[in-house]
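Engineer: show me the folded form of this:
(chains A and B)
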Amino acid sequence: QKEVEQNSGPLSVPEGAIASLNCTYSDRGSQSFFWYRQYSGKSPELIMFIYSNGDKEDGRFTAQLNKASQYVSLLIRDSQPSDSATYLCAVNDSGGGADGLTFGKGTHLIIQP
Amino acid sequence: GAGVSQSPSNKVTEKGKDVELRCDPISGHTALYWYRQSLGQGLEFLIYFQGNSAPDKSGLPSDRFSAERTGGSVSTLTIQRTQQEDSAVYLCASSLAENSPLHFGNGTRLTVT
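Structural biologist: Next up is the predicted model:
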């Protein structure tokens, strides 16, 4: 059973600080890693994806991947109240398909003004 | 460009009735997924279509649920003899290829009374 674990939160971060969201996964064969943001009552929206070890930056967002330790994280710099949402981590193995894609249950992030 | 389109956005039905939910994926996307999300819960995988391959139906919760994808494009999820526990948001997502990021539609909120 492939597992993707996230702390459910809520994670409370003051406005302007860095929010750090973490995700661990069980399948060492995992190849693709995704972060989705889901506002309450809305559908998930792709924020970042990363395939290689190291950091990938896009604006205020940085995804970090460490395959040896089997974790992927999302950093949000200069956090804004509009970043308050649930963040879903998703992991896909090399086989693709539905059984290769596993979502975590999400971390609820609150940015306090 | 156009995203994933789902209809209806909301559906209220009486227990025991059949419902059909529609998903129009992004043009050119070969993979299509259906998920279900109950209030405050994570994503529950239902069914996956990839090109002309046989669908992965492993997530369908009962034989009251079925789905088809015509011409490799539009998909319909059918729930027969609806029950109150079927009430949830039904999300459709498509991706360009098996390991590509998923793009979600806005979902159909189903309420069974």
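Engineer: and the end-to-end length of stretch B:10-17?
Structural biologist: Counting by CA to CA, to the nearest Å, you get 15 Å between the two ends of stretch B:10-17.
Engineer: quick one: distance of that stretch to the chain centre.
Structural biologist: Relative to the chain's own centre, stretch B:10-17 is displaced by 16 Å; criterion: CA atoms, centre = their mean, to the nearest Å.
Engineer: check what contacts that stretch and list those residues.
Structural biologist: Around stretch B:10-17, the neighbours that count as contacts under CB atoms under 8 Å, 6 or more residues apart in numbering or on different chains are B:19, B:21, B:81-84, B:108-113. (Each C-beta comes from the backbone N, C-alpha and C, glycine too.)
Engineer: and which of the residues you listed is nearest chain A?
Structural biologist: Relative to chain A, the closest of the contacts of stretch B:10-17 is residue B:109; by CB to the nearest CB it sits at 8.9 Å.
Engineer: show me the shaky parts of chain A.
Structural biologist: Residues of chain A meeting the criterion pLDDT under 70: A:94-99.
Engineer: make it 80
Structural biologist: Counting by pLDDT under 80, the low-confidence segments of chain A come to A:1, A:93-100.
Engineer: can you map out the strands along it?
Structural biologist: Per DSSP state E, chain A has strands spanning A:4-5, A:11-14, A:19-25, A:30-38, A:45-50, A:54-58, A:61-66, A:71-76, A:85-93, A:101-103, A:107-112. These are given in chain order.
Engineer: so what does the fourth one touch, helix or strand wise?
Structural biologist: With contacts defined as 3 or more CB pairs under 8 Å, 6 or more residues apart in numbering or on different chains; DSSP states H and E, strand A:30-38 has these neighbours: strand A:45-50, strand A:61-66, strand A:71-76, strand A:85-93.
Engineer: could you give me the buried positions within it?
Structural biologist: Of the residues in strand A:30-38, those scored as buried under the neighbour-count criterion (16 or more other CB atoms under 10 Å in any protein chain shown) are A:30-38.
Engineer: what does the third one give?
Structural biologist: Within strand A:19-25, the residues that count as buried by 16+ other CB under 10 Å are A:19, A:21-25.
Engineer: hmm, that strand in reach of chain B?
Structural biologist: No - Strand A:19-25 is not in contact with chain B by CB under 8 Å from any CB of the partner chain; minimum separation 12.9 Å.
Engineer: Provide the contact partners of that strand at residue level.
Structural biologist: A:2-7, A:11, A:13, A:33, A:35, A:70-76, A:79, A:83, A:87, A:89, A:91, A:102, A:104, A:107, A:109, A:111.
Engineer: how deep is residue A:3 tucked in, by neighbour count?
Structural biologist: One way to gauge burial is a neighbour count; for residue A:3, by other CB atoms under 10 Å in any protein chain shown, it gives 11.
Engineer: doesn't residue A:102 make contact with it?
Structural biologist: Yes - with contacts defined as CB atoms under 8 Å, residue A:3 counts as touching residue A:102 at a distance of 7.1 Å.
Engineer: I am finished for the moment; much appreciated.
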